[in-house]
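Trainee: the sequence and its predicted three-dimensional model are supplied below.
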Amino acid sequence: MSTSHTAAPDAPLIVALGTSLGRRAHLLQQAVAALAITPQVRILASSDVYDTTPLGGVAKHRFLNAAIRLETTLEPEPLLDVLQSVETALGRTRNQHWEDRTMDLDLVLWGERVIKTPRLVVPHPELHRRRFVLAPAVDLAPQARHPLRDRSLRQLLEALPTTEGDCVRVGPLTLLPMD
């Protein structure tokens, strides 16, 4: 019997999606569609899409960001392998930190779990500082608690300073069949 790694609505498994190159909306849809057909992964919900300012001074293009809520029977690192294989299939290369990319999939929250391995840290170490991750995550689970900060995702988002235009809701993430 397999064990499903899911949690109550206030302790979800959330994956953040981001893209700044190519047909961004289509790439978000393709990433979700690829995960939707992955054995042992089930998408429970998706956030709205946000148009966001890039961080770090390297990326030159605005990002589209979203988040999805999953359940899975996979352990954390095999799930990371799935996420990275979807990124690669969508043209992701890794040359420079904070560079523009076709797809970025980050496992940002897994309920109350705290995971630290050489390949994976959950909750994402910058989750509490990133409006472009928190805004979509709040769409999915506003009351979910950050296990290391003892605050809800909504509280973390509300605590961030706002800059006009840095994170603008553009609409729902819709699913399209894979090309």
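Mentor: On my side now, so go ahead. Keep in mind that this is a model prediction, so the values were computed, not measured. Numbers count the residues shown, from 1 in each chain.

Trainee: what helix or strand does the nearest residue in space to Val82 that is not next to it in sequence sit in?
Mentor: Nearest non-adjacent residue to Val82, counting by Cβ to Cβ, 6 or more residues apart in numbering: Thr38, 5.7 Å away. The C-beta positions use only the backbone N, C-alpha and C, and glycine is treated the same way. Here Thr38 sits in a region with no helix or strand, counting by DSSP states H and E.

Trainee: please tell me the pLDDT value assigned to Thr38.
Mentor: Among the per-residue scores, Thr38 shows a pLDDT of 95.

Trainee: burial count for it?
Mentor: Neighbours of Thr38 under the rule other Cβ atoms under 10 Å: 18.

Trainee: can you check Val114 too?
Mentor: Val114 has 11 nearby residues by other Cβ under 10 Å.

Trainee: picking that back up, surely the residue nearest to Val82 meets Asp81?
Mentor: No - Thr38 is beyond contact range of Asp81, at 10.7 Å (criterion: Cβ atoms under 8 Å).

Trainee: how far away is the residue nearest to Val82 from Ala141?
Mentor: Distance, Thr38 to Ala141, using Cβ to Cβ, to the nearest Å: 21 Å.

Trainee: could you identify the longest strand within the chain?
Mentor: If you go by DSSP state E, the chain has its longest strand at strand 63-72.

Trainee: next up, the contacts around Arg101.
Mentor: The contact partners of Arg101, by Cβ atoms under 8 Å, 6 or more residues apart in numbering, come to Gly18, Thr19, Ser20, Leu21, Ala59, Glu87, Arg92, Thr93.

Trainee: grab the nearest non-local neighbour of Ser152.
Mentor: Gln143 (5.1 Å).
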